[in-house]
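S.K.: Below is the structure, and that's it, no one-letter string:
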């Protein structure tokens, strides 16, 4: 069960680093604008897109152990470097390096767990529990020391423990594969879910880049209350992933996640305090549990290049997390912080249609008779 512990720790570490990044970036130590914040966050996710694509394939070719251990070691080191940032440029560069390191190993870890017989929903639930633990711990730390930058050191410690735990995993079941530099066959098999995730998550990341600012400045929440909001989302994901999603097919889960996402993003704009925001986080946790596990099952069940296909899923998430903050920061600065939430709801509806149309097109091509030779 050490792989569950690794999944828990790496998610705890990542979200401990990311939860207060917007507040730290716009605080007196850095002094970034909302547009600059969008560029900082987007840069880290773009680096994650590159590394997810490259190292997912490398894990299929060279083995999961090398990619997992090196990625975790680099992530732990680079998380701690954030505390030395003193300007938007230096924070952007250190976050870029951290994003590249962190994006390198999730595909290898997911492929290892699937091939070890772990149900995708239950394994993902360990990550959601880690998310809740990391954000809650970061919130407590921020209250105790009154400085968001120490959450980066917390993230570094959690990732280091994850590295130690991953070194104990057994990799004797690995099969080395030959995967083309551009895995077109993998992309063709899985493109309906890649496209849907790309559209929906672009909208979601338009929200996440300004969400802590919305909670703190528009709704007047304390750092501790922000931690509670994020923890409610994560705990809901944990419960739904652990108890509900593995029994359903991937396509049904993806549709449910996309539809519920649209409703949830609009609901954010109606909340005015912690009590009203918490139900939206329950809905958000359910929507992401459905969508993420459904997408993961979709790609893992369709072919043996599992590190490559899950790495490409990570790349789709990273591309959306690159475009989303840029758009969200610019829209929030030009209009108001609720505007990206309405746009995100519209994109979730579009993603629902994209997924349905892509499945029909894929099914039609599979039914088409082969041309005579």
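M.R.: Looks like it arrived, so ask away. Keep in mind that what you see is a predicted model, and the values were worked out from it rather than measured. Numbering: from 1, shown residues only.
S.K.: all contacts plus neighbour counts: C-alpha atoms, from now on.
M.R.: Will do.
S.K.: For the nearest residue to residue 237 once chain neighbours are set aside, which three-state class applies?
M.R.: Nearest residue to residue 237, sequence neighbours excluded (CA to CA, 6 or more residues apart in numbering): residue 285, at 4.6 Å. When classified by DSSP: H, G, I helix; E, B strand; the rest coil, residue 285 comes out as helix.
S.K.: Now for residue 285, how many residues are close by?
M.R.: 29 (other CA atoms under 10 Å).
S.K.: wait, isn't it in contact with residue 230?
M.R.: No - contact criterion CA atoms under 8 Å: residue 285 and residue 230 do not qualify, at 9.6 Å.
S.K.: what sits against the residue nearest the centre of the chain?
M.R.: Among the residues of the chain, the one closest to the centroid is residue 317, at 6.5 Å (CA atoms, centre = their mean). The neighbours of residue 317, taking CA atoms under 8 Å, 6 or more residues apart in numbering as the test, are 49, 197-198, 201.
S.K.: go with 10 Å
M.R.: Residues near residue 317 by CA atoms under 10 Å, 6 or more residues apart in numbering: 45-46, 48-49, 52, 194, 197-202, 205, 311.
S.K.: what does residue 220 give?
M.R.: Residues near residue 220 by CA under 10 Å, 6+ apart: 213-214, 226, 272-274.
S.K.: try residue 110
M.R.: 3, 7, 64, 116, 118, 120, 123-124, 296, 300, 306-307, 310-311.
S.K.: so which of the residues you listed comes closest to residue 353?
M.R.: Closest approach to residue 353 among these (CA to CA): residue 296, at 19.4 Å.
S.K.: Need the pLDDT of that closest one.
M.R.: Per-residue pLDDT puts residue 296 at 90.
S.K.: any idea which element it lies in?
M.R.: helix 274-300 (DSSP states H and E).
S.K.: Next SSE downstream of that helix?
M.R.: helix 306-334.
S.K.: any idea of the angle that following helix forms with helix 274-300?
M.R.: Our comparison of helix 306-334 with helix 274-300, counting by axes from the mean of the first three to the mean of the last three CA atoms, to 10 degrees, yields an angle of 150 degrees.
S.K.: Throw the contacts of residue 220 into a markdown table and include pLDDT, distance to residue 253 and neighbour count, thanks.
M.R.: Formatted as a markdown table, the contacts of residue 220 follow (pLDDT from 0 to 100; distance: CA to CA, whole Å; neighbours: other CA atoms under 10 Å):
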| residue | pLDDT | distance to residue 253 | neighbour count |
| --- | --- | --- | --- |
| 213 | 84 | 31 | 20 |
| 214 | 90 | 30 | 18 |
| 226 | 83 | 28 | 23 |
| 272 | 91 | 30 | 14 |
| 273 | 91 | 30 | 14 |
| 274 | 92 | 29 | 17 |
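S.K.: and which of these is nearest residue 168?
M.R.: Closest to residue 168, out of all of the contacts of residue 220 and judged by CA to CA, is residue 226, at 34.9 Å.
S.K.: For the helix or strand harbouring the closest one, buried residues please.
M.R.: Using DSSP H and E, residue 226 falls within helix 223-243. Across helix 223-243, burial judged by 16 or more other CA atoms under 10 Å covers 223-242.
S.K.: which helices and strands does it pack with?
M.R.: Counting contacts by 3 or more CA pairs under 10 Å, 6 or more residues apart in numbering; DSSP states H and E, helix 223-243 is packed against helix 120-145, helix 211-213, helix 274-300.
S.K.: Beyond it, next helix or strand please.
M.R.: Moving toward the C-terminus from helix 223-243, the next helix or strand (DSSP H and E) is helix 250-268.
S.K.: circling back: got a winner among the contacts of residue 110 for most neighbours?
M.R.: Neighbours here mean other CA under 10 Å. Within the contacts of residue 110, the largest count is held by residue 311, at 33 neighbours.
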